[in-house]
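*Asks:* I would like to see how this sequence folds:
(one chain, ligands or ions: 3)
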Amino acid sequence: MHSYIDMAIAPPPDQAHRTEGIKLYGPDAFAGMRLAGQLTATCLDDVAALIAPGLPLAEIDAFVRDFAARHGARPATLDYDGYAYACCTSVNHVVCHGFPTAKKLRDCDIVNIDVTLVVDGWYGDSSRMYAVGTPKRAAQRLVQIAHEAMMRGIAAVRPEAHLGDIGHAIQSYAQTQRCSVVRDFCGHGIGRVFHDAPNILNFGKAGTGAALREGMIFTVEPMINLGRADVKTLADGWTAVTRDRSLSAQFEHSVGVTADGYEIFTLSPKGLHAPGIVLG
Ligand code: MF3
Ligand code: CO
Ligand code: CO
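*Replies:* Numbering: from 1, shown residues only. Ligands and ions are numbered 1, 2, ... in the order given. The predicted model follows:
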């Protein structure tokens, strides 16, 4: 009974242990997520100093591995489902899950770097967009829209709101900006496992889906395209790209539902929310 949660992370006694299959966590879990989230965010802050034209993506991977080792953390993606790297690096029209190979960054690229560090068993999952040199205005605008879409989704998070409110906030904003929302990937519950219930869809209808409760923990991670929403996965089994080869951008935070709203566990300590891009 209740084997998914132990006494150390027991939720407040007035809360049910689960609502519609979604775990509820207490203060000790939030403290664990804060530590893991802040280490991931610090790693993403430190990566910003490396980003420049000519940098092989593999050097980002090497940095993340070393950073994790130096801080007693484990990169969750390493050996996850056969994935062989400590991070994902998704450049330009790559939507997500790009391999950090010998391929080099070039001036004007935009790149998403997605890192999940496990600290004391808690998973901190976050990604940001980085500018390489000076990207074109359209690329910069897409990055701004993707960040704003994520933040609007997060702003919908509070007890008694519904899961669909998050997707609706993301989708309605992206569409007013004439961008499309990728439907093939979503956010997810997180905690002491990488991917848990519920799915956090990046589109939807306000007022639909499970009600949010204090103590839920999940990611918000919309992928926004300049062109059409359609994606395909390359023969490597992982790399997702836009079918029309239009630019794609994504941000991700791990968040918890609090009594009066939300806590973002993975906020940048240095305020490097989108390194190289000016956010509105
Ligand atoms: N970090 C990704 C997420 O946001 C998952 C990557 S799984 C991998 O959920 F295997 F591709 F690394
Ligand atoms: Co995630
Ligand atoms: Co991630």
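*Asks:* give me every residue in the stretch 151-280 of the chain lying close to ligand 1.
*Replies:* 221, 238, 252 (CB under 6 Å from any ligand atom). Glycine gets a C-beta too; all of them are placed from N, C-alpha and C.
*Asks:* redo that, cut-off 8 Å
*Replies:* 185, 187, 188, 194, 195, 219, 221, 238, 252 (CB under 8 Å from any ligand atom).
*Asks:* how close does the residue in the stretch 151-280 of the chain that ligand 2 sits nearest to get to residue 189?
*Replies:* Closest contact between the stretch 151-280 of the chain and ligand 2, by CB to the ion, is at residue 219 (4.1 Å). According to CB to CB, to the nearest Å, residue 219 and residue 189 sit 8 Å apart.
*Asks:* list phi and psi for residue 70.
*Replies:* phi -60, psi -20 (degrees, to the nearest 10).
*Asks:* from the residues of the stretch 151-280 of the chain next to ligand 1, which is closest to residue 98?
*Replies:* residue 238 (8.0 Å; CB to CB).
*Asks:* three-state assignment of the closest one?
*Replies:* At residue 238 the chain is in coil, as set by DSSP: H, G, I helix; E, B strand; the rest coil.
*Asks:* may I have the phi/psi pair for residue 129?
*Replies:* Per degrees, to the nearest 10, the backbone of residue 129 is at phi -100, psi 140.
*Asks:* show me where the stretch 51-200 of the chain has its helices.
*Replies:* Along the stretch 51-200 of the chain, the stretches classed as helices by DSSP state H, counting those that start in this stretch are 57-70, 137-155, 163-176.
*Asks:* now render these as JSON lines, adding mean neighbour count, mean pLDDT and distance to residue 34.
*Replies:* Shown next, in JSON lines, are these (neighbours: other CB atoms under 10 Å; pLDDT from 0 to 100; distance: least, CB to CB, whole Å):
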{"stretch": "helix 57-70", "mean neighbour count": "18", "mean pLDDT": "99", "distance to residue 34": "18"}
{"stretch": "helix 137-155", "mean neighbour count": "21", "mean pLDDT": "98", "distance to residue 34": "16"}
{"stretch": "helix 163-176", "mean neighbour count": "22", "mean pLDDT": "98", "distance to residue 34": "21"}
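*Asks:* let's have those helices in TSV, adding distance to residue 264.
*Replies:* Formatted as TSV, the helices of the stretch 51-200 of the chain follow (distance: least, CB to CB, whole Å):
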stretch	distance to residue 264
helix 57-70	21
helix 137-155	7
helix 163-176	14
